[in-house]
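Asker: Could you work out the structure for the sequence below:
(chains A and B)
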Amino acid sequence: MHVQDYWLILAFFALVLLPAPFLGRYLFRAMEGQKTLLSPIFQPVERLCYRIAGIDSEAEQDWKTYALALLAFTLASLLALFAILMLQGLLPLNPQQLPGLEWTLAFNTAVSFVTNTNWQAYSGEAALSYFSQMLGLGVQNFVSPAVGLAVLVVFCRGIARRSSNSVGNFWVDLTRATLYGLLPLCLVLALFLVWQGVPQTFLEYVTAHTLSGTDQVVPLGPAASQIAIKQLGTNGGGFFGVNSAHPFENPTAWSNLLEMAAILLIPAALVFTFGHYVKDLRQSRALLASMLILFVLGLGLGLYAEYQPNPALAALPIEQVGSLEGKESRFGTTASMLWATATTAASNGSVNAMHDSFSAIGGMIPLFNIMLGEIVFGGVGAGLYGMLLFVLIAVFLAGLMIGRTPEYLGKKLEAREVRLLVATLLVMPLGVLVFGALAVSLEGPAASISNPGAHGFSQALYAYSSGAGNNGSAFAGFGANTPFHNLMIGLAMLLGRFGYILPVLAIAGSLAAKKRAPLGSNSFPTHGPLFVTLLTLVILLVGGLTFLPALALGPIAEHLGLVQGF
Amino acid sequence: MFKQIRPAISVLALMTLIAGVAYPLAVTAIAHAVFPAQANGSLIRDAEGAVRGSALLAQRFDGAQWFQPRPSAADYATVASGASNLAPSNPALAERISKDAQRLVGEGVSPVPMELVTTSASGLDPHLSPAAARWQIARIAAARSIPANNLERLIDQHTERPLVGPAVVNVLALNLALADNRFSTEPE
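Answerer: Here you go, the predicted model:
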């Protein structure tokens, strides 16, 4: 590693962590309707929205009504996006005259963007019109993280409120998250990206006459506005097929740094938002510590692996350094591995290098991050509510160990909450192991695998982990655009989204209704180093026990094979 | 559920107007006022105004007299671009690298820089490290009958050193300079 690699890592952590306390406080105030710096601009827009939509912003909902509103909105989004993708040939802003998508691909893509997964079985510049990108995918890029954020604040209110039947108003939370949370940051990032070289235009593709005398089509489009929200909303669906590896999507080392920091900016801030809800910022710092431990462990192991020369190339007359296959020169190995760690720690799923060509262990880190449920910072909202589920499990285990009723921040965890918790623990195994096993054992679907041996299994494992984990990154050699995978990964994405959201809302509703038990001297403190250790171990144990056998068959077998020279 | 249908549809429509129309239009308007060249794809035009490429997209170059960019799995296709996605354990990767390395060893010194035998993620990587560009100097100097020093200086002039990333040099910029007569002794 060179000196600029250390600068990059340092700058990345600074950009993610330093704004977090301030942004977290701002988001808390914005979501609770308190006065913020941007209220003069957005409050009139907000009020207008409520009037047009016939929403009483003061009326709160109980968790069931909230869930129904969320489902109704998701359904409307799903149908609208599916229709846009099917009909894009008839819609305007289609200078390349691209036809509508095949229906399983349209279904997969619609589910993918509505569930904040942004799995891409298509290539943007070759398949989607500007209309589909902007009014279809672009809108979901905003509202799907806003839904995640809404669910998170419901969870926070559930813990913070006492003897309350209501958990908030979905329409208000959704609107505020979009307007105050996402829009302003996107505007700033989008303009920075244009400055660095990302196109932003409605003109058709340009044909260049190259120096060698051939023709080269230069694909264009309103890319910068889309890429900004793709990063900040932990979406990850690239404007161009190769995502942020494309020189138009991520032109410089600086654009790379900011796009990478944008992945974790809001998720890190939300940890502090939670602290403001429960009026105890020590809890935020404890969660952040656990997240940082997991992040740094993964990054360190990944970087070590990526800088090792590939044993399969040892005899060749080439520089013996870590492989640059599937990596861009302007990023190099460090920025590629750092991005891979960040994009899977969160449920972002954008890539700036091809994970399929990473070293066996370097490719296992993003895969394992996804399998843990993307709770290391995690997706906007989704990451922290996933992390809080692990916190409740850790609290439950601690309660068993010390023989007291488990409680978190004064709220007792009883049979109902624990049952719901266990249900969420089954989501990833079901989506990854059951769906994935089906995909690799059927002859037709297994033909999508493009690499031989253990790595081929990793490709399918990654695809279904990415779907169920709502991540969206891929071992991209996997030929995912078949009717089988489009439908199955589509189902995995729905399972991974609502398999968490519905239990989380139910737990939040149940916690909100409880009284706050006084904190006794026997209560297990949830902010010290002991709890951070317990929480980190619980996460690694649950993830490890569930997925270690599958990882042993994939990346670990591949690594051992390479080292042994099989 | 039925009571939620009206807000669902109207909120979706409103968000489409705000996030799907107003926001990208605002970005486009500001971008074209402040950074028009970048917003239109960083296009490179010749003296007659014809587009010769984008500063950000690699082009295919054949012949010993040009700097060669990173190999491209999609043969420098732009719609759609693509990567090899070969696993480190895939024998096809070692075979391809072996074949390219043997060919390149004939053109320069051993060992061959890793970048020149590995395909990039986008297939359109416009850059090389200065070392990988310098590795090609002997071949280009011989093909164009120009002193190696001139090429050294050319690479130095075009090297970008961002604080937070590796030093890189834009291959198209190098070749544009070569195409310019100051560096070339061959008729174009």
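
Asker: could you pull out the strands for chain B?
Answerer: Assigned strands in chain B, in chain order: B:43-45, B:51-54, B:127-128, B:159-160, B:168-170 (criterion: DSSP state E).

Asker: most tightly surrounded among those strands?
Answerer: Ranked by mean neighbour count, the strands of chain B are led by strand B:127-128 with a mean of 28 (mean count of other C-beta atoms under 10 Å in any protein chain shown). The way it works is simple: take the backbone N, C-alpha and C, and place the C-beta from them, glycine included.

Asker: check whether that strand contacts chain A.
Answerer: Yes - judged by C-beta under 8 Å from any C-beta of the partner chain, strand B:127-128 and chain A are in contact via B:127-128.

Asker: contacts for that strand?
Answerer: Residues from elsewhere that reach strand B:127-128 (C-beta atoms under 8 Å, 6 or more residues apart in numbering or on different chains): A:328-330, B:67, B:69-70, B:115-116, B:168-171.

Asker: That strand pairs with which strands, and in what direction?
Answerer: strand B:168-170 (antiparallel) (DSSP bridges).

Asker: How far off centre is the strand it pairs with?
Answerer: Mean C-alpha position of strand B:168-170 versus that of the full chain (C-alpha atoms, centre = their mean, to the nearest Å) differs by 9 Å.

Asker: try stretch A:296-309
Answerer: 21 Å.

Asker: Average pLDDT for that stretch, rounded please.
Answerer: Mean pLDDT, computed over stretch A:296-309, is 97.

Asker: What residues of that stretch count as buried?
Answerer: Within stretch A:296-309, the residues scored as buried using 16 or more other C-beta atoms under 10 Å in any protein chain shown are A:298-299, A:301-303, A:305-308.

Asker: mind saving the C-alpha coords of stretch A:295-315 as PDB?
Answerer: Coordinates of each C-alpha in stretch A:295-315 appear next as PDB, following Å, rounded to 0.1, in the frame of the first residue of the first chain:
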ATOM      1  CA  PHE A 295     -16.100  -3.000   9.300                       C
ATOM      2  CA  VAL A 296     -12.400  -2.800  10.100                       C
ATOM      3  CA  LEU A 297     -12.100  -6.500  10.600                       C
ATOM      4  CA  GLY A 298     -13.600  -7.200   7.100                       C
ATOM      5  CA  LEU A 299     -11.700  -4.400   5.400                       C
ATOM      6  CA  GLY A 300      -8.300  -5.500   6.900                       C
ATOM      7  CA  LEU A 301      -8.700  -9.100   5.900                       C
ATOM      8  CA  GLY A 302     -10.000  -8.100   2.500                       C
ATOM      9  CA  LEU A 303      -7.100  -5.700   1.800                       C
ATOM     10  CA  TYR A 304      -4.600  -8.300   3.000                       C
ATOM     11  CA  ALA A 305      -6.100 -10.900   0.600                       C
ATOM     12  CA  GLU A 306      -6.300  -8.500  -2.400                       C
ATOM     13  CA  TYR A 307      -2.700  -7.500  -2.100                       C
ATOM     14  CA  GLN A 308      -1.500 -11.200  -2.300                       C
ATOM     15  CA  PRO A 309      -0.300 -12.300  -5.700                       C
ATOM     16  CA  ASN A 310      -2.500 -15.000  -7.300                       C
ATOM     17  CA  PRO A 311      -0.700 -18.400  -7.000                       C
ATOM     18  CA  ALA A 312      -2.200 -19.400 -10.400                       C
ATOM     19  CA  LEU A 313      -0.100 -16.700 -12.100                       C
ATOM     20  CA  ALA A 314       3.100 -17.300 -10.200                       C
ATOM     21  CA  ALA A 315       5.100 -18.700 -13.100                       C
END
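
Asker: report the longest helix in chain B, please.
Answerer: helix B:91-105 (DSSP state H).

Asker: what's the average pLDDT for that one?
Answerer: 96.

Asker: what do you get for stretch A:187-204?
Answerer: On average, stretch A:187-204 scores 97.

Asker: That stretch: which residues count as buried?
Answerer: In stretch A:187-204, counting by 16+ other C-beta under 10 Å, buried: A:187, A:189-201.

Asker: Please compute how far stretch A:250-257 lies from its chain's middle.
Answerer: Taking mean C-alpha positions (C-alpha atoms, centre = their mean), stretch A:250-257 and its chain are 20 Å apart.

Asker: Apologies, that question was intended for stretch A:358-374.
Answerer: 14 Å.

Asker: near chain B, anything from it?
Answerer: Yes - applying C-beta under 8 Å from any C-beta, one finds stretch A:358-374 in contact with chain B at A:358-360.

Asker: For burial, what's the neighbour tally of the closest residue in space to B:V164 that isn't next to it in sequence?
Answerer: Distance criterion C-beta to C-beta, 6 or more residues apart in numbering or on different chains; nearest residue to B:V164, sequence neighbours excluded, is A:L8 at 4.4 Å. A:L8 has 26 neighbours, counted by other C-beta atoms under 10 Å in any protein chain shown.

Asker: which residue packs closest to the residue of the stretch 451-566 of chain A found nearest chain B, ignoring adjacent ones?
Answerer: Among the residues of the stretch 451-566 of chain A, A:G477 lies closest to chain B, at 3.1 Å counting by C-beta to the nearest C-beta. Nearest-residue entry for A:G477: B:N85, 3.1 Å, with adjacent residues in sequence omitted and distances by C-beta to C-beta, 6+ apart.

Asker: What about residue 19, how many residues nearby?
Answerer: Picked chain A for this. 17.

Asker: wrong one, chain B
Answerer: When neighbours are counted by other C-beta under 10 Å, B:A19 comes out with 27.

Asker: Was I right to think it contacts A:V139?
Answerer: Yes - at 5.2 Å, B:A19 counts as touching A:V139 under the criterion of C-beta atoms under 8 Å.

Asker: that older thread, name the member of the buried residues of stretch A:187-204 with the shortest distance to A:P267.
Answerer: Proximity of these to A:P267 (C-beta to C-beta) peaks at A:L189, which lies at 15.2 Å.

Asker: And the pLDDT at B:A22?
Answerer: 97.

Asker: Next, the residue nearest to A:G477: phi, psi?
Answerer: Note on B:N85: its backbone torsions stand at phi 50, psi 30 [degrees, to the nearest 10].

Asker: Tell me if I'm right that it and A:A353 touch.
Answerer: No - with contact defined as C-beta under 8 Å, B:N85 does not reach A:A353; the gap is 11.1 Å.

Asker: any idea how far the one helix or strand A:A512 maps to is from the chain center?
Answerer: In this structure, A:A512 sits in helix A:483-513 according to DSSP states H and E. Averaged C-alpha coordinates place helix A:483-513 at 14 Å from its chain's average position (C-alpha atoms, centre = their mean).

Asker: Cool, thanks, talk later.
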